[in-house]
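Sequence and computational prediction follow.
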Amino acid sequence: MNSHHLHPDCTYTRQSLPLYSGGDLSRAALARVEAHVRQCKSCASLTQRAQEARRVLVLGVQVRAEGPVPSLLPQ
């Protein structure tokens, strides 16, 4: 959906996803996003995807910090 036709709460929520996923929103902003996500399936789906992407990214950084990532391909 084109962002020009989104409800203002959808636009706000989608713009807030990086900070929301990282736990960096103010209490007021967090409450606004969470209230909207409870009512909007589309934004709830995007929020879940953003949180999963962040989880995978953090896991990758942790693995990288522990040493080389072993090859998954046969040697």
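Here it is on my side, so go on.

The top helix by length along the chain - what's its average pLDDT?
In the chain, taking DSSP state H as the definition, the longest helix is helix 41-66. On average, the pLDDT along helix 41-66 is 85.

And it, what does it pack against?
helix 8-22, helix 27-39 (3 or more CB pairs under 8 Å, 6 or more residues apart in numbering; DSSP states H and E). Bear in mind the C-beta positions are built from the backbone N, C-alpha and C, glycine included.

Please work out which of those helices is packed deepest.
For the helices and strands packed on helix 41-66, the largest average neighbour count (mean count of other CB atoms under 10 Å) is found in helix 8-22, namely a mean of 16.

And that one, how far out from the chain middle?
9 Å (CA atoms, centre = their mean, to the nearest Å).

next one: stretch 18-37
That offset, for stretch 18-37, works out to 10 Å (CA atoms, centre = their mean).

what sits up against that stretch?
Outside stretch 18-37, the residues within contact range by CB atoms under 8 Å, 6 or more residues apart in numbering are 9-10, 12-13, 16, 43-44, 47, 50-51, 53-54.

Centre-most residue in the protein?
With distances taken as CA atoms, centre = their mean, the chain has Ala50 as the residue nearest its mean C-alpha position (2.3 Å).

rewinding a little: mind listing what's buried along the longest helix of the chain?
Buried residues in helix 41-66, counted by 16 or more other CB atoms under 10 Å: 43, 46-47, 50, 54.

how many other residues sit next to Asp24?
11 (other CB atoms under 10 Å).

any idea whether Leu25 is helix, strand or coil?
Of the three states, Leu25 takes coil under DSSP: H, G, I helix; E, B strand; the rest coil.
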